[in-house]
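# structure here, sequence nowhere to be found:
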């Protein structure tokens with residue numbers, strides 16, 4: 001037991017271990033066992049975000065007992081680009097809970113972010129009280145809903161992309177690298193690994209490619225006749241009417257899970273109270289210029 005009350009007996013601390021495939025698999029196993037989330041396919045899609053810095057406590061057999069990872073995730077908030085990081089993959093196996101390991105990893109991750117000069121840190125959690133002592137504050141999230149506009153007929157219908165197909169993956173990764181933020185109110189500037197793995201975590205997500213606009217559209221549908229727009233990956237955001245026309249669908253209503261300030265359409269903002277908390281740690285307070293949320297394709 002250390003003087004700070006962290007009991008790491010029988011464990012070894014490791015940092016920056018993603019180059020070790022066995023250690024990476026230990027993280028895959030931890031998240032699968034804890035949250036029933038399989039991030040294993042990420043290795044087939046280019047691997048984890050290259051900026052990722054994992055912090056973990058391993059037992060003698062290589063089992064990952066506790067982990068927290070940080071990675072660079074530049075954000076646009078109210079038209080300003082923030083040099084932001086994000087925390088993800090935070091978990092502790094039941095036998096090692098209550099020993100202060102997660103508190104230790106949080107402090108290590110915060111120190112790394114400070115050393116790297118990040119001006120903000122974001123995370124998702126269903127336990128906001130766990131992070132409030134470290135200066136994180138929850139931001140209210142809002143989606144937009146409304147009547148679907150009349151579609152503009154596309155010259156070429158959008159085609160379905162398969163992110164696990166080599167050619168489609170190359171196309172999608174290039175678009176993600178060159179993307180414009182989907183919103184100026186709240187959006188990621190780049191977060192390719194998160195977008196790609198989220199195409200696999202939700203079987204309902206479709207990704208379609210608009211050839212003329214060079215745009216990838218992440219979307220879902222819900223009966224009867226409801227389009228759920230998740231994200232737009234392109235250097236020049238097309239209008240919602242163009243997107244609906246290219247998807248060759250005739251929805252009655254639209255749910256947009258990010259602020260539609262660039263799409264030439266205005267829905268009604270609706271609060272996502274009860275949704276997993278989006279928290280951010282910055283030197284000053286943040287209030288969105290308009291109701292907003294981060295695209296689910298950036299969930300981390």
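Perfect, I can see it now. Since the structure is predicted, the reported quantities are computational estimates derived from the model, not experimental observations.
# show me where the stretch 51-200 of the chain has helices.
Along the stretch 51-200 of the chain, counting by DSSP state H, counting those that start in this stretch, helices occupy 101-116, 166-177, 192-201.
# give the rounded mean pLDDT of the first one.
Read it as helix 101-116. For helix 101-116, mean pLDDT rounds to 98.
# and the second one, by the same measure?
The pLDDT scores in helix 166-177 average 97.
# cool, the shortest one as well?
Confidence over helix 192-201, taken as the mean pLDDT, stands at 96.
# show me what it is packed up against.
Taking 3 or more CB pairs under 8 Å, 6 or more residues apart in numbering; DSSP states H and E as contact, the helices and strands that helix 192-201 lies on are helix 166-177. The C-beta positions use only the backbone N, C-alpha and C, and glycine is treated the same way.
# okay, domains of this protein per the record?
The chain is divided into the following domains under automatic domain parsing: 12-139, 143-271+286-298.
# chain center to the shortest one, what's the gap?
In this case it means domain 12-139. 13 Å (CA atoms, centre = their mean, to the nearest Å).
# that older thread, hey, which of the helices of the stretch 51-200 of the chain is tucked in deepest?
helix 192-201 (a mean of 21; mean count of other CB atoms under 10 Å).
# what are the contacting residues of it?
Around helix 192-201, the neighbours that count as contacts under CB atoms under 8 Å, 6 or more residues apart in numbering are 37-39, 41-42, 45-49, 52, 71, 73, 163-164, 169, 172-173, 176-177, 188, 205, 207, 218, 231, 233, 296-300.
# hang on, residue 29 is in a strand, isn't it?
No: looking at residue 29 with DSSP: H, G, I helix; E, B strand; the rest coil, it is helix, so not inside a strand.
# and it, what's its pLDDT?
Per-residue confidence (pLDDT) for residue 29: 98.
# wait, isn't it in contact with residue 65?
No: counting by CB atoms under 8 Å, residue 29 stays clear of residue 65, with 11.4 Å between them.
# what about those two, which has more around it?
Higher neighbour count among residue 29 and residue 65: residue 65, with 23 against 16, using other CB atoms under 10 Å.
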